[in-house]
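1. got a predicted structure here, sequence first:
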Amino acid sequence: MSEIITITSGKGGVGKTTAIASLGIALASRGQKVVCVDGDIGLRNLDVIMGLENRIVYDIVDVVEGRCRLRQAMIRDKRLPGLFLIPAAQTRDKMAVSPSDMMRLGDELRHEVDWVLIDSPAGIERGFKNAIAPADRVLVLTNPEISAVRDADRVIGILEAEEKGTPSLILNRVNPGMVKRQEMLSPDDVLDLLAIDLIGVVPEDQSVLIAANRGAPIALDKESRAGQAFHNIAARLMGEDIPFMDLEEKGGLWSRISKFAGRN
Amino acid sequence: MNQKNNLIQIKGLRDGLLMTLGAGEWGELQELLFAQIDARSAFFRGAKLALDVGYQALRVAEISKLRDGLSEREVSLWAVVSESPKTVQTAQLLGLATRISKQRPTEKERPLVAGDDESALWLARTIRSGTRIEHPGHVVVMGDVNPGAEIVAEGNVLIWGRLRGSVYVGAALRTEASQSSGAFVCALTMNPIRLQIASEIANPVKGKTSKKPQKVSFKNGKFHFEDWQGK
């Protein structure tokens, strides 16, 4: 039974693309067959983050417009068996694909893989509508910043209005030291406002940027705590009950969050 | 068949067409509407359509299906007018207008006083950023009103949760009227970005959030903040 998951945020630059790449790697390393789909037509990035940009022949628009078969556009990631990328077109715009095209594409991909991960562009316009149209489940990703949380709240409202169900939350780039000094919103503050279930907290980690620039997503790095956080999210998506990471190494705050997230 | 056609009335407006649907089963009405448009497709092509659905309570899926069906016929739906608060809310969520420039006669007859206890809108959810709720009566929210959300009510607003967005009560009243009728806002945590009662705007002091549930009203030229207690 395959599942289509879209990651979206409203605000740009919070780490959607990085999260898709890392989740794809985390799921594939658990023996799953995964395809990552770049929904950001005209501003494609996922191929760069995954280090596959020089292997692109066909893209998502070629599939939708019938210039190639679906499998021809699925680029195999040689690092892991079962990991694929469908890149976005760089020379077209969001109007090249419609929500119903995306639903057809999603249904075709269900026959090919266990997981379809769709990277949504920022914003709440056509590209976003395309990305959420085929989703069985939506993950909203945000940073502990007031503007990012406000946009996430707006996106959750739209998802509820479109009857997509209540999404789960990934809180990215949390700096425990700053939270402790009350210089950053705590995960509690964010959950308090958004009132949805938490599926992952990713600590801020400089190696994420370095990894992205090298085209080797952070989840490949076994030492990195951010990478570990994405492996935990993958496990939770597969139905495992993994406790939230102890970012401060002393409990307190984090055990309270896991309690909050485990409400239902 | 002729009687069936009477279920749909078409009227020209300054900025497009207004179709008024009679009472009936929604699926059937929609079929009938499409059939009428298909029968006179040349007349309807490119039209801007406002639809008065009366008391029909429509869900998002129903309105978006209708909109898609209409756009296939090159008719653009820009407004859905309804007596049902549920439909009005749905239409607002989909970005459609819910009032047309020429007010319907029924809207004028509607009493514009806060105190019309028949027309409270019940919202058992979080009102999130970007959501605007407009209602001609009272509004009751079971949940939080988040920053960036707006509630505009002609009556009072009760929030069983935290108010962190904007609320405008007594929207149809002038100041004197609001003083006599006493439009008010209640919330378990009162921390609004903006709060307006009739024509008066309150500027709540930041950081001074009361821990107790509060009721805000406007009397004798001043805002009154008091503890919200059942009577």
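-> Yep, that arrived. Note that the coordinates shown come from a computational prediction; the quantities given were computed from them, not determined experimentally. Numbering: from 1, shown residues only, chains lettered A, B, ... in the order given.
2. need phi/psi at the residue nearest to A:Arg225 when sequence neighbours are not counted.
-> Nearest residue to A:Arg225, sequence neighbours excluded (CB to CB, 6 or more residues apart in numbering or on different chains): A:Pro203, at 5.2 Å. For glycine as for every other residue, the C-beta is placed from the backbone atoms N, C-alpha and C. Reported as degrees, to the nearest 10, the phi and psi values for A:Pro203 are phi -70, psi 150.
3. for A:Leu171, see how far away A:Pro203 is.
-> 10 Å (CB to CB, to the nearest Å).
4. can you count the residues close to residue 218?
-> Here I'm looking at chain A. 27 (other CB atoms under 10 Å in any protein chain shown).
5. sorry, should have said chain B
-> Neighbour tally, B:Phe218, other CB under 10 Å: 24.
6. can you give me the buried ones in the host helix or strand of it?
-> For B:Phe218, the host element (DSSP states H and E) is strand B:214-219. The neighbour-count check on strand B:214-219 (16 or more other CB atoms under 10 Å in any protein chain shown) flags B:214-218 as buried.
7. residue in the stretch 51-200 of chain A nearest to chain B?
-> A:Gly157 (3.4 Å; CB to the nearest CB).
8. how much space separates the residue nearest to that residue when sequence neighbours are not counted from B:Gly148?
-> Distances taken as CB to CB, 6+ apart put B:Arg128 closest to A:Gly157, at 3.4 Å, once the chain neighbours are dropped. Counting by CB to CB, the separation of B:Arg128 from B:Gly148 is 8 Å.
9. again, but for B:Ala187
-> 16 Å.
10. re the thing from before, and the residue nearest to A:Arg225, what is it in contact with?
-> A:173-176, A:225-226, A:229, A:245, A:247 (CB atoms under 8 Å, 6 or more residues apart in numbering or on different chains).
11. for PyMOL, write a command that selects the buried ones of those residues.
-> PyMOL command restricting those to the buried ones, with burial defined by 16+ other CB under 10 Å:
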select buried, chain A and resi 173+174+176+226+229+245+247
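12. so which of the contacts of A:Pro203 are in helices?
-> A:176, A:225-226, A:229 (DSSP state H).
13. lowest average confidence, helix or strand, in chain B?
-> The weakest-scoring helix or strand in chain B, judged by mean pLDDT, DSSP states H and E, is helix B:105-109 (a mean of 41).
14. following it, which helix or strand shows up next?
-> strand B:121-123.
15. would you map out the domains in chain B?
-> B:2-108, B:110-227 (automatic domain parsing).
16. the residue of the stretch 51-200 of chain A closest to chain B falls within a strand, correct?
-> No. Secondary structure of A:Gly157 (DSSP: H, G, I helix; E, B strand; the rest coil): helix, not part of a strand.
17. what sits against it?
-> Contacts of A:Gly157 by CB under 8 Å, 6+ apart are B:128-131, B:149.
18. the residue of chain B found nearest chain A: neighbour count?
-> Going by CB to the nearest CB, chain A is nearest to B:Arg128 of chain B, at 3.4 Å. Burial of B:Arg128 is recorded as 28 neighbouring residues (other CB under 10 Å).
19. rewinding a little: ok, and the most crowded of the contacts of A:Gly157?
-> B:Arg128 (28 neighbours).
20. phi, psi of that residue?
-> phi -100, psi 170.
21. wait, doesn't it sit right on B:Ala149?
-> Yes. With contacts counted by CB atoms under 8 Å, B:Arg128 reaches B:Ala149, the gap being 5.9 Å.
22. if we take the ones in helices among the contacts of A:Pro203, which one ends up nearest to chain B?
-> Out of these, the member with the shortest distance to chain B (by CB to the nearest CB) is A:Pro176, at 25.1 Å.
23. model confidence score at that closest one, please.
-> At A:Pro176, the model reports a pLDDT of 92.
24. touching, it and A:Leu247? I think so.
-> Yes. Checked against CB under 8 Å, the pair A:Pro176 and A:Leu247 is within contact range at 4.4 Å.
25. bridged to B:Ala153, which residues?
-> B:His135 (DSSP bridges).
26. what is the neighbour count of it?
-> 27.
27. pull the contacting residues for it.
-> Taking CB under 8 Å, 6+ apart, one finds B:121, B:133-139, B:167-171 in contact with B:Ala153.
28. mind doing that once more with 7 Å?
-> B:135, B:138-139, B:169, B:171 (CB atoms under 7 Å, 6 or more residues apart in numbering or on different chains).
29. again, but for B:Gly182
-> B:Ser217.
30. try A:Ser22
-> A:217-219, A:227, A:230.
31. let's see it at 8 Å
-> A:217-219, A:226-227, A:230.
32. average pLDDT for stretch A:161-168?
-> 89.
33. please disregard the earlier target; I meant stretch A:18-25.
-> 97.
34. can I assume B:Glu62 sits in a helix?
-> Yes. The assignment for B:Glu62 by three-state DSSP puts it in a helix.
35. what residues does the stretch 151-264 of chain A have near chain B?
-> Residues of the stretch 151-264 of chain A lying near chain B by CB under 8 Å from any CB of the partner chain: A:151, A:153-154, A:156-158, A:160-163, A:193, A:195.
36. at 6 Å instead, please
-> Proximity of the stretch 151-264 of chain A to chain B (CB under 6 Å from any CB of the partner chain) is limited to residues A:153-154, A:156-157, A:161, A:163, A:195.
37. quick check: buried residues in whichever strand or helix holds A:Asp153?
-> Using DSSP H and E, A:Asp153 falls within helix A:146-161. Under the neighbour-count criterion of 16+ other CB under 10 Å, helix A:146-161 has A:148-161 buried.
38. mind checking the end-to-end distance for stretch B:77-86?
-> 18 Å (CA to CA, to the nearest Å).
39. chain center to it: distance?
-> 9 Å (CA atoms, centre = their mean, to the nearest Å).
40. contacts for that stretch?
-> Applying CB atoms under 6 Å, 6 or more residues apart in numbering or on different chains, the contact partners of stretch B:77-86 are B:48-53, B:55, B:57, B:67, B:70, B:88, B:91, B:96-97, B:100, B:121.
41. how about that stretch: buried residues?
-> For stretch B:77-86, using 16+ other CB under 10 Å, the buried residues are B:77, B:79-83, B:85.
42. stretch B:193-203 too?
-> B:193, B:195-198, B:202.
43. can you redo those residues as JSON lines, where the extra columns are pLDDT and distance to chain A?
-> Converted to JSON lines, these look like this (pLDDT from 0 to 100; distance: CB to the nearest CB, whole Å):
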{"residue": "B:Ile193", "pLDDT": "89", "distance to chain A": "11"}
{"residue": "B:Leu195", "pLDDT": "90", "distance to chain A": "19"}
{"residue": "B:Gln196", "pLDDT": "89", "distance to chain A": "21"}
{"residue": "B:Ile197", "pLDDT": "88", "distance to chain A": "25"}
{"residue": "B:Ala198", "pLDDT": "83", "distance to chain A": "28"}
{"residue": "B:Ala202", "pLDDT": "81", "distance to chain A": "22"}
